[in-house]
Structures are given as C-alpha cells and as structure tokens.
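K.L.:
Build the 3D model from these lines:
(one chain, ligands or ions: 1)
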Amino acid sequence: MSADLTGRTAVVTGGARGLGLSMARALARHGASVALLDVLDLVTGSAADLGRDLGVATTGLVVDITSEQSVADAFGQVGERLGTPDLLVNSAGITIWSDSLDTDLATWQRVLDVNLTGTFLTCRQFGRGCRAAGQPGAIVNVSSMSAQVVNVPQHQASYHASKAGVDMLTKALAVEWSGLGIRVNAIAPGYVLSDMTRQFIEAEPEIAERWRSMIPLGRMAEPADLDDLVVFLCSPGSSYLTGQSIVIDGGYTAI
Ligand SMILES: NC(=O)c1ccc[n+]([C@@H]2O[C@H](COP(=O)([O-])OP(=O)(O)OC[C@H]3O[C@@H](n4cnc5c(N)ncnc54)[C@H](O)[C@@H]3O)[C@@H](O)[C@H]2O)c1
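P.N.:
Numbering: from 1, shown residues only. Okay, the predicted model is just below:
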C-alpha cells in the first residue's frame, strides 16, 4: 500500500494486542498518529512500543468501550494529545462459546454490550468529534465472517448476532453520516491466529485442524493479513467506498 496517512489521527479500540494492535501498527507505518484504547493495562505499553518503533505520536488509554462516560473521556484525552481523530478502527470484541439452551442472560448481554453497543458508542463519539471539527472521517468496524455464516463446531449465537448487528450498524451509519463526509465500512475476517482463537486451539488442538480443513487457502490468517485492507479503507483510495462489510477469510465463505 502506498497510502500516506501523515497528519491523520487514528483511534483503535482493542488496540492492546491482537488484530487491533496489528492494524494500529499498519496505520502508523503509513504515518498516522495512533491512540490505542483497551480495557487491559497492557495498552499503555503497547502504545509506547508502537511510538518508539515507528516514530509516530501515540497514546494508550485504559477504556471500557461499554461505558459512555469512559468513551467520552477517552476521546477528549485523545483530542488534547493527538488532535481530533479522523480515523476509527473498532477492533475491541469478545466471544463466549456457550450452548444456547444453557446461556444465561448476563453472558448474552455481555457479548452484545461489547461487540455491538460498544462499537456504537465509539462510532457516535467519533462522529460527534468530526461534526464539531467540521472534518471528514473514516470508520472501519471489525465484524467477522460470523456475521454471515455459522461457524462449526463451536456454539456462539451471541457472537453471531452481535457481528450481524455490526454489519447492519455499519450500513446504517454510512448512510446517515454520508452528508458529514464520514465513511463507514467493516472488515469481516475469517479465522485469525490471535489470543482470542489461541485460547480455544490450546484447549482443543484438533479444532484448529478442523477449521483449517474448511479454508480453501489452507491456513488461518495471521493478523498482518488484514493490514493492507484496513489501510486502504482508511485512505483516500477508498473515497467512493462506504457501507460495506468486506469478507477476508481465505475463501471460507465461498464454499
Ligand atoms: N481472531 C479471529 O479469528 C477473529 C475473526 C473475526 C473477527 N475477529 C474480531 O476481531 C476483533 C479483535 O479480535 P482479536 O482476535 O484480536 O482478539 P483479542 O482478544 O486478542 O483482542 C480483543 C481486544 O479487545 C479488548 N476488549 C475487550 N472488551 C473490551 C472493552 N469492553 N473495552 C475495550 N477493550 C475491550 C481486549 O482486551 C483485547 O485486547 C474482535 O472484534 C473479534 O471479534 C477476530
């Protein structure tokens, strides 16, 4: 990717580790200043490392994206330190595997709260900032192929429902905010090696083999496989692209 994101300010939620951190590093490599938001204390170290390695301004903030106040405070601090954000990547997310007949309300609610409501709250705060500053912006929500197909063998109805919600939220905000110059897209990865998937693979090693056997390209993705797509969606090269959820899954959903 030849995109130049110098002068842009990106907020990346779930940025302490995993896909969020990898995508944040990709944006920073293209010149963007980056704020990482995460519930994990690790986030401050991740931001410091990123800034030192790539020579861009960074900040790391401990934030729970399900809290309106916490999100508002975080965007206020990012504005003071790095300028009003004009890029937002929503990568914070959780999954809980649970048979639906045994799933309690709190478990269901928690997944929806983080993956869907949290994504809405950060989008809303970002949109308010762009409107107040009179500046355009671009949002990339991290959905999943699980918005479109049911994964096997694991049972994760709350995750599927939350990611389908993220896809539709993406479309709704893209239309609603088109007049503000804010583009809203999503990426929908297949299986990616990260802490989220590693916990299940380590508990049941045969599950990785089963997943791999269903992926035409024959391997799970590495976080870096998403880098160019997210940079593209944040760059002027995608200026006519909004309201889409782009599947990147090694061909999993093609069969
Ligand atoms: N790994 C995969 O195979 C895969 C596939 C498709 C989509 N995704 C999506 O990609 C995103 C990143 O997943 P990952 O694999 O990097 O997982 P991960 O667990 O490594 O990273 C998720 C991050 O989100 C943070 N987070 C969770 N709840 C939060 C909250 N309330 N507020 C702020 N931060 C919070 C976590 O602390 C963590 O750092 C998620 O939205 C996930 O659903 C992952």
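
K.L.:
for the ligand, what are the nearby residues on the stretch 151-255 of the chain?
P.N.:
Taking CB under 6 Å from any ligand atom, the part of the stretch 151-255 of the chain that reaches the ligand is made up of 189, 191, 192, 194, 195, 196, 197. Where you see a C-beta, it was placed from the backbone N, CA and C, and this is true even at glycine.

K.L.:
could you redo the last one with a cut-off of 8 Å?
P.N.:
The stretch 151-255 of the chain comes close to the ligand at residues 159, 163, 188-197, 220-221, 223, as judged by CB under 8 Å from any ligand atom.

K.L.:
Restricted to helices, list those residues.
P.N.:
159, 163, 195, 196, 197 (DSSP state H).

K.L.:
and of these, the nearest to residue 13?
P.N.:
Within those, distances to residue 13 taken as CB to CB reach their minimum at residue 196, with 14.2 Å.

K.L.:
Go ahead and confirm that closest one touches residue 95.
P.N.:
Yes - distance between residue 196 and residue 95: 6.3 Å, which falls inside the contact criterion (CB atoms under 8 Å).

K.L.:
between the two, what contacts are shared?
P.N.:
Residues touching both residue 196 and residue 95 by CB atoms under 8 Å, 6 or more residues apart in numbering: none at all.

K.L.:
are any of the residues of the stretch 151-255 of the chain next to the ligand buried, and which?
P.N.:
Burial by neighbour count, judged by 16 or more other CB atoms under 10 Å, picks out 159, 163, 188-194, 196-197, 220-221, 223 from those.

K.L.:
circling back to that earlier point, what two of the ones in helices among the residues of the stretch 151-255 of the chain next to the ligand are the furthest from one another?
P.N.:
Within these, 163 and 195 form the most distant pair, 18.0 Å apart (CB to CB).

K.L.:
What's the first helix or strand after the helix or strand hosting residue 78?
P.N.:
Secondary structure here is read from DSSP states H and E; on that basis residue 78 sits in helix 68-82. Proceeding N to C from helix 68-82, the next assigned helix or strand is strand 87-90, under DSSP H and E.

K.L.:
contacts for that following strand?
P.N.:
By CB under 8 Å, 6+ apart, the list of residues contacting strand 87-90 reads 5, 8-14, 20, 23-24, 27, 32, 118-119, 122-123, 126, 137-142, 166, 230, 234.
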